[in-house]
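Q: The following block contains a protein sequence and its predicted model.
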Amino acid sequence: MQNTLHISQIDEHVMLALTHKAQELHVSVEELVRRYLREIGTKTAETNGNSKQDKNAVLDKLRGTWTEEDLREFEQNTAPMREIDPDLWK
């Protein structure tokens, strides 16, 4: 049985980390999140959620592992994508 989940108000830094990781793995952000959720479900089933260390390890994966330098580099490299070409809107 498949369910639908809509998540709103994602923090910009989290979204950037998800986007970067998805690009690295050549999958969509949606697929990446599905993989993370499956992994959480599997770990929860294995540990019954009893281990605080296991929970923190899963949360660390979801948070991403970007340094401030990684973020600056990503923002610099993607800045041209945020520029609007006025000629396209004439």
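A: Yep, it's here.

Q: Report pLDDT for Trp89.
A: Each residue has a pLDDT score; the one for Trp89 is 81.

Q: actually Leu37, not the one I wrote
A: 86.

Q: Ok, Val14 next?
A: Note for Val14: predicted pLDDT of 90.

Q: By mean pLDDT, flag the weakest helix or strand of the chain.
A: helix 52-63 (a mean of 70; mean pLDDT, DSSP states H and E).

Q: Touching stretch 29-42 from outside, list them.
A: 7, 15, 18-19, 21-22, 25, 27, 58, 61-62 (C-beta atoms under 8 Å, 6 or more residues apart in numbering). Placement of C-beta: from N, CA and C, glycine included.

Q: Quick one: buried ones out of these?
A: Using 16 or more other C-beta atoms under 10 Å as the burial test, the contacts of stretch 29-42 include 18, 21-22, 58 as buried.

Q: Next step: these restricted to helices.
A: 18, 21-22, 58 (DSSP state H).

Q: and the most centrally placed residue in the chain, what does it touch?
A: Among the residues of the chain, the one closest to the centroid is Leu18, at 2.1 Å (C-alpha atoms, centre = their mean). By C-beta under 8 Å, 6+ apart, the residues touching Leu18 are 10, 29, 32-33, 64.

Q: try Met15
A: Under the criterion of C-beta under 8 Å, 6+ apart, the contact list for Met15 reads Val29.

Q: so is it in a helix, a strand, or just coil?
A: Of the three states, Met15 takes helix under DSSP: H, G, I helix; E, B strand; the rest coil.

Q: ok, back up a step: show me which of the ones in helices among the buried ones among the contacts of stretch 29-42 is closest to Glu69.
A: Nearest to Glu69 among those is Lys21, at 16.6 Å by C-beta to C-beta.
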